[in-house]
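# Here's a sequence, model it:
(one chain, ligands or ions: 1)
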Amino acid sequence: MKKCLRILGGFFWISFAIAAPPPIIVLEHYSYPMSPGQDEGVAYVTLQNTSSHTLTLFQLECDQGEAMIHQTIVQNGIARMEMLSEITLPANGRLTMKPGERHIMIEEPRKPLQIGNNLTITFDFKGYDPLIVMVPVVKRSVQ
Ligand SMILES: [Cu+2]
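Just a heads-up that it's a prediction; the model follows:
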C-alpha cells in the first residue's frame with residue numbers, strides 16, 4: 001500500500017511538471033497612458049486559441065498592480081464595468097479586448113503608466129504554464 005501511494009505521488013508530480021505553454025498566439029497587446037488623477041490603468045490584448053479544444057483563462061497577474069478583466073456594460077445610457085472571473089476561448093476562437101468593451105483593469109499601478117513603459121502581464125490558463133506578455137504603453141488612438 002505504501003509503495004502504491006508513492007507511485008501515485010510520483011505520477012502527480014510528473015503530470016504537473018510536464019505542463020506546456022498554452023496554445024495561444026498574441027495578436028494585439030497595448031496599454032494607454034494614465035491621465036493625471038486617474039488611479040486605474042488599462043490594457044488590451046487579443047488572444048487567438050490555436051488548438052481544437054476550449055481554453056479557460058482563470059487568472060491574471062501584472063507587475064504594476066492587481067489586474068482583472070472587466071466587461072463594460074451600457075444600460076440606459078450609463079456605462080458600468082463588471083469583473084469576469086473566468087473566460088473561455090472556444091476551439092480556434094479569439095478573445096478580443098478593446099476600449100469600451102472587454103479590457104484589463106490595473107488597480108492603482110505602482111507608478112502612473114506613461115508612454116514608453118512596459119507592463120508584464122501573466123495569463124493563467126487551466127492546465128498550462130503561465131503565458132507572459134509584455135504590454136507597451138502607447139499613445140491613445142483617436143476614437
Ligand atoms: Cu474596468
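# what are the ranges of the strands in this protein?
24-32, 40-49, 55-62, 66-75, 78-84, 87-89, 94-96, 102-107, 118-125, 131-136 (DSSP state E).
# What I need now is these written out in TSV, including mean neighbour count and mean pLDDT for each item.
In short, each C-beta sits where N, CA and C put it, glycine included. As requested, the strands of the chain are exported to TSV (neighbours: other CB atoms under 10 Å; pLDDT from 0 to 100):
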stretch	mean neighbour count	mean pLDDT
strand 24-32	17	98
strand 40-49	20	98
strand 55-62	18	97
strand 66-75	14	96
strand 78-84	10	95
strand 87-89	17	97
strand 94-96	15	97
strand 102-107	20	97
strand 118-125	18	98
strand 131-136	16	98
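# Distance to the ion added to those strands, as CSV?
Compiled in CSV, the strands of the chain are given as follows (distance: least, CB to the ion, whole Å):
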stretch, distance to the ion
strand 24-32, 12
strand 40-49, 7
strand 55-62, 12
strand 66-75, 3
strand 78-84, 4
strand 87-89, 14
strand 94-96, 16
strand 102-107, 4
strand 118-125, 14
strand 131-136, 15
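# residues contacting K139?
Contact analysis of K139 by CB atoms under 8 Å, 6 or more residues apart in numbering lists Y32, P33, I115.
# go with 7 Å
K139 makes contact with I115, according to CB atoms under 7 Å, 6 or more residues apart in numbering.
# do V133 as well
Applying CB under 7 Å, 6+ apart, we find V133 in contact with V26, H29, V45, I121, F123.
# beta partners for it?
As for beta bridges, V133 partners with I121 under DSSP bridges.
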